[in-house]
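Asks: Below: sequence and its predicted model.
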Amino acid sequence: MRIALIATCIADALFPDVDRSVVRLLERLGHRVVFPTEQVCCGQMHVNTGYLAEALPVVRQHVETFERAEFDVAVAPSGSCVGSVRHQQAMVARRSGDESLAGRAEELAGRTYELSELLVDVLGVIDVGAYYPHRVTYHPTCHSLRMLRVGDKPLQLLRAVEGIDLVELPDAQSCCGFGGTFALKNSDVSTAMLADKMSRVLSTSAEVCTAGDSSCLLHIGGGLTRLRTGVRTVHLAQILASTRDEVAGSVTV
Amino acid sequence: MTTFLGVPTRRLAGPDDEDPLRGSRPFPAAAADAVRDPVLRRNLRRATTTIRAKREHVVSEVADWEDLRDTGSAVKADVMARLPELLEQLESAVTARGGVVHWAADAAEANAIVTDLIRRTGADEVIKVKSMATQEIGLNEHLAEQGIAAIETDLAELIVQLAGDKPSHILVPAIHRGRAEIRQIFLERMADVPPALTDEPRVLAMAAREHLRRKFLSAKVAVSGANFAIAETGTLAVVESEGNGRMCLTLPETLITVMGIEKLLPSFGDLEVFLQLLPRSSTGERMNPYTSLWTGVTPGDGPQEFHLVLLDNGRTNALADSLGRTALHCIRCSACLNVCPVYERAGGHAYGSVYPGPIGAVLTPQLTGLTGGHDVNATLPYASTLCGACFDACPVKIDIPSMLVELRGRAVDAGRGGVPDGWAAAMKAASWVMSGERRWSVAETASRAGRLVAGRRGRISRLPFPLSRWTRSRDLPAPPAETFRQWWARTRGDDDAGPDAGNPPIAGTPAPRPAADGGDRP
Ligand code: SF4
């Protein structure tokens, strides 16, 4: 398959190894990855902060970039960016009166998938041939869980990884407190939620906390390193891309 | 009371006359204080965790729960679509059965109507059934100014009233209080408190029971809210757990019910759906212990005078708006509060409104309208991470996250035109940068300066405002030496399509093992 990578602005700028891992993984599975280079961001940050007019040019950039590219399906290593593509981009266009852009955004959204959806639902693969000899706990991010309903697809993929010691995260479905600009606007509540999430992560004695969203991992990882917990945050894509010869680095770069 | 160092205590507030729908501080500031209160954090964590588990259990045993939610949502949508017609139907049904219907456009009108009705009976004391509508209009405070004592009979509401507190939860108004605190409140504020009061729940409940029993027997007037009103028959319904509501609804001579106009259901049969949805969603019970239904007055049985005050107070504003309208579907079950991670940490008082939590964050600004960029209620739509737990829990499927986003958009739009604040400027700049790949690449390169601040650990721990809001509790990784797009350009060239050779095997990579259901389809 010809798969277009939505790098996501945050992984492109801060966690390039997450995107490199997606490329490595999909190529290993025999697919062809394309990267439409004009892409920047899905527009989610603007939308969720209430700047819908400012989101419009960002959404247009995304839609026009991917329209020009040739591919079968698009993938992003992020539940919330795919959530934004599916549930927000057309709304932003429509709110500004651009019905044509809305329709085109919907067409693209129809073939845009989050990584675990792509692997399990579209490519029909659960064992991706990964090797990752670490004790890992998985945090299901809110948008992957409740906007995309990825369910236990990420866990199915993780369970098939060779060498992994996968431990259940207590209270896993409760939000980590990131919430985009919420982390700044309501920094105190965000931190209180983070504290509870970290205490759950630490209770598992895992070395690694993984998730399908770099943004939530930025937040959880930021807290874990600040407190010198010694627990690393690693994106799901990095674990799945790891092999005996090439074990992925941490998202902390 | 003696205070020992290190023992967290909280003072009992005196009564205040603040606006029931607007606090005095923005949400982030009020919530910041709340998260530092260890007693509050513990009380909230315990209470919400318990009730979440109960709700999940009783919901999971209903096979057609999703169908019930869809039906509940559809019935409410129908009610909103024909509200004027249904209200008239209700009015004539209530009147035909000997009740009197009053219309109140706002809180002041509703308070005046109720005060006048009480005055005419000559009573200077009324007993109350727990009611959000009367909280919303600040009825108790208004009556107190007029020399009429309103006594709350719901146990939790009584605790809040005695403490001079505000309710912090729709269903469990004293959720922020632990039992040790409740004992202290009773000892300090309940005139006829038994001296040997302990903090056992049963002992506390018995003390309240003794205290209230005397009031039930002497009161001539009761004031209630309503969970539902049936347009077809003129029947009103109150569901509750304690039975104190039942006493109020049956013992006094005069009953005055204050109800938001959105509480209507078209026909008696609709109760079937809502009496399944409400108790399971709110208290996590299969059925609530007491359901009281009454229609007008019945000679020789129960109150002989019945007044229904129908309250608008901003509701028609919300109704006029296709999105805001769905907030009026709310049946006040409080499930969204109990599952909300922000509510669990911040508690109800931080919202500054009698409607806290996710529903409060969307309903309050719509009821009050926003008076401009500095209205504290403009911070409410931001009191959420948009995690979506409320939407999943809501028995009438109100899409609270989407509504929050829309209301954020409106709050921003309302503030446009003046001097842009820091956020507006930053968002404008980011929009420009993020709508062009060149500009974005330049910004990425510039951010690499962050590597200098990061030091050997590769982590940034201090940044100036507003990013200090991030770094005061979280590190930020140093920007990488090479962004993904640079890596792509370096290793794959400018060719969008990647290497023409198709899929160059990566050295030493083992072949993938296909999934059991047929493997991958390249
Ligand atoms: S919004 Fe839904 S979940 Fe929240 S109180 Fe209302 S009915 Fe219950």
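Replies: Received it, and whenever you're ready, just let me know what you need. On a predicted model such as this, the values are computed, not experimentally measured, just so you know. Residues are numbered from 1 along each chain as shown, chains lettered A, B, ... in the order given.
Asks: Count the residues that sit near the residue nearest to B:P341 when sequence neighbours are not counted.
Replies: The shortest distance from B:P341 to any non-neighbouring residue, by C-beta to C-beta, 6 or more residues apart in numbering or on different chains, is to A:C175 (4.5 Å). All C-beta atoms are positioned from the backbone trio N, CA, C, and that covers glycine. Other residues near A:C175 come to 29 when the count uses other C-beta atoms under 10 Å in any protein chain shown.
Asks: Looking at chain A, which residue is nearest the ligand?
Replies: Residue nearest to the ligand within chain A (C-beta to the nearest ligand atom): A:R146, separated by 14.4 Å.
Asks: What count of nearby residues applies to that residue?
Replies: Neighbours of A:R146 using other C-beta under 10 Å come to 22.
Asks: next one: phi and psi at the residue nearest to it when sequence neighbours are not counted?
Replies: Sequence neighbours aside, B:G388 is the residue nearest to A:R146 in space, at 3.5 Å (criterion: C-beta to C-beta, 6+ apart). Taking degrees, to the nearest 10, you get phi 90, psi 0 for the backbone angles of B:G388.
Asks: so who does B:G388 touch?
Replies: Remark: with contacts taken as C-beta atoms under 8 Å, 6 or more residues apart in numbering or on different chains, B:G388 is in contact with A:142-143, A:145-147, B:401.
Asks: so which of those residues is the most crowded?
Replies: A:H143 (30 neighbours).
Asks: before we move on, the earlier item: mind checking pLDDT for the residue nearest to A:R146?
Replies: Per-residue pLDDT puts B:G388 at 97.
Asks: do B:V7 as well
Replies: pLDDT, B:V7: 42.
Asks: Where does B:P464 fall, secondary structure wise?
Replies: Following DSSP states H and E, there is no helix or strand that holds B:P464.
Asks: State the number of residues packed around it.
Replies: B:P464: 7 neighbours (other C-beta under 10 Å).
Asks: Same question for the one 4 residues further on.
Replies: Burial of B:S468, expressed as a neighbour count using other C-beta under 10 Å, amounts to 12.
Asks: Just give the closest residue to B:W488, not the sequence neighbours.
Replies: That would be A:F35: by C-beta to C-beta, 6+ apart, it lies 5.1 Å from B:W488.
Asks: now B:P26
Replies: B:T379 (4.2 Å).
Asks: Would you format the contacts of B:G388 as a markdown table with pLDDT and distance to B:V59 included?
Replies: Output for those, formatted as a markdown table (pLDDT from 0 to 100; distance: C-beta to C-beta, whole Å):
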| residue | pLDDT | distance to B:V59 |
| --- | --- | --- |
| A:C142 | 97 | 20 |
| A:H143 | 96 | 23 |
| A:L145 | 95 | 17 |
| A:R146 | 96 | 16 |
| A:M147 | 94 | 21 |
| B:P401 | 96 | 20 |
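Asks: Doesn't A:L224 belong to a helix?
Replies: Yes: with DSSP: H, G, I helix; E, B strand; the rest coil as the criterion, A:L224 is part of a helix.
Asks: what's downstream of the host helix or strand of B:L367, the next helix or strand?
Replies: Using DSSP H and E, the element containing B:L367 is helix B:357-368. Once the chain leaves helix B:357-368, the next helix or strand it forms, by DSSP H and E, is helix B:389-393.
Asks: next SSE after that following helix?
Replies: Beyond helix B:389-393 toward the C-terminal end (DSSP H and E), the next one is helix B:400-414.
Asks: I'd like the distance from the helix or strand encompassing B:I113 to the chain centre, please.
Replies: Using DSSP H and E, B:I113 sits within helix B:107-121. Helix B:107-121 sits 28 Å away from the centroid of its parent chain (C-alpha atoms, centre = their mean, to the nearest Å).
Asks: mind listing what's buried in it?
Replies: Buried residues in helix B:107-121, counted by 16 or more other C-beta atoms under 10 Å in any protein chain shown: B:107, B:109-111, B:113-115, B:117-118.
Asks: With stretch B:228-248 instead?
Replies: Buried, per 16+ other C-beta under 10 Å, within stretch B:228-248: B:228-231, B:233-242, B:244-248.
Asks: where does chain B have low pLDDT?
Replies: B:1-17, B:373, B:494-522 (pLDDT under 70).
Asks: Close to the ligand: what parts of it are there?
Replies: Residues of chain B lying close to the ligand (C-beta under 6 Å from any ligand atom) are B:281, B:330-336, B:359, B:393-396, B:398.
Asks: For the residue minimising distance to the centre of chain A, list the residues it contacts.
Replies: Centroid check for chain A by C-alpha atoms, centre = their mean gives A:S78 as the closest residue, at 1.8 Å. Shown in contact with A:S78 (C-beta under 8 Å, 6+ apart): A:6, A:8, A:10-11, A:114, A:212-215.
Asks: Show the secondary-structure elements that the helix or strand harbouring B:L249 is packed against.
Replies: Assigned by DSSP H and E, B:L249 belongs to helix B:244-250. The criterion is 3 or more C-beta pairs under 8 Å, 6 or more residues apart in numbering or on different chains; DSSP states H and E, and the helices and strands that helix B:244-250 contacts are strand B:125-128, helix B:201-218, strand B:221-224, strand B:235-240, strand B:290-295.
Asks: can you list contacts of it?
Replies: B:127-130, B:153-155, B:212, B:216, B:219, B:222, B:224, B:238, B:240, B:255, B:290, B:292, B:294, B:302-303.
Asks: So is stretch B:419-436 next to chain A?
Replies: Yes: applying C-beta under 8 Å from any C-beta of the partner chain, one finds stretch B:419-436 in contact with chain A at B:423-424, B:427-428, B:430-436.
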